[in-house]
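S.K.: Give me coordinates for this.
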Amino acid sequence: METILTLKNQIAEGKTLSTEQLELFAKSGIPIREIFDLSSEDLAILGYLGFELYQKGEIDDALKMFQGLEAIGQSDGYISTAIGTILAQKNDFDGAIHYLGRALDSDPSDLNALINRAEVFLKMNRFEEAAVDLRHIIEIDPEGKDPIGARARILILVTHELARALRNDPDGEH
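M.R.: Sure thing, here's the model as predicted:
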């Protein structure tokens, strides 16, 4: 029976693996990044490239980059936040909530994941859940020093004013 080391060597030599070999590898649980000998620095560079693509507005390519990083076993809060943020921009709100939740599972104080998830909740009319995230941001940044803390405060004020306006004029008539 072939060992994982043998398979790693075959991949390193550029040889194609059979279906049985691929199944063996898949069952091994070894992250793909180890097969291709990607260092932490290599992965950080790929993450930076994904961010650059995002900044340039090339969100489909950025999403592919981040999903690729996730596929090779580089799933951390940053990658999950990036994927969730892009999915929110693509109006895949359920996917966004999933990935932003994963980011918050690994770091409950991730301000980017919190504000993005709060905004998705608002778009989905899930106001109570949005309020929980917004309040959590304010707890983390009570003095409003971080721009995300300021953004959370603005969203709370706007949603409060919107709720009050709807209570005063529920039919939207002036």
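
S.K.: name the helices or strands packed onto whichever helix or strand residue 60 is part of?
M.R.: In the assignment (DSSP states H and E), residue 60 maps to helix 59-71. Helix 59-71 is packed against helix 40-55, helix 77-89, with contacts defined by 3 or more C-beta pairs under 8 Å, 6 or more residues apart in numbering; DSSP states H and E. Where C-beta positions appear, they are placed from N, C-alpha and C, glycine not excepted.

S.K.: which stretch in those helices is the model least sure about?
M.R.: Ranked on mean pLDDT, the bottom entry among these is helix 40-55, at a mean of 88.

S.K.: From residue 133, how far out is residue 151?
M.R.: 12 Å (C-beta to C-beta, to the nearest Å).

S.K.: how many other residues sit next to residue 45?
M.R.: 12 (other C-beta atoms under 10 Å).

S.K.: residues in contact with it?
M.R.: Applying C-beta atoms under 8 Å, 6 or more residues apart in numbering, we find residue 45 in contact with no residue.

S.K.: mind checking how far it is from residue 58?
M.R.: 17 Å.

S.K.: thinking again about what came up before, look at residue 151 and residue 133 and report which has more neighbours.
M.R.: residue 133 (22 against 17).

S.K.: Tell me the confidence at that one?
M.R.: 96.

S.K.: where in the protein is pLDDT low?
M.R.: In the prediction, the chain carries residues with pLDDT under 70 at positions 1-5, 7-8, 11-12, 17, 21-22, 25-26, 28-37, 169-174.

S.K.: ok, for residue 152, nearest residue in space, not its chain neighbours?
M.R.: Leaving aside its chain neighbours, residue 152 sits nearest to residue 137 (4.0 Å; criterion: C-beta to C-beta, 6 or more residues apart in numbering).

S.K.: what about that neighbour, how many neighbours?
M.R.: The burial count for residue 137: 24, using other C-beta under 10 Å.

S.K.: Please tell me I have it right and it contacts residue 110.
M.R.: No: in this structure, residue 137 is not within contact of residue 110 by C-beta atoms under 8 Å, at 10.0 Å.
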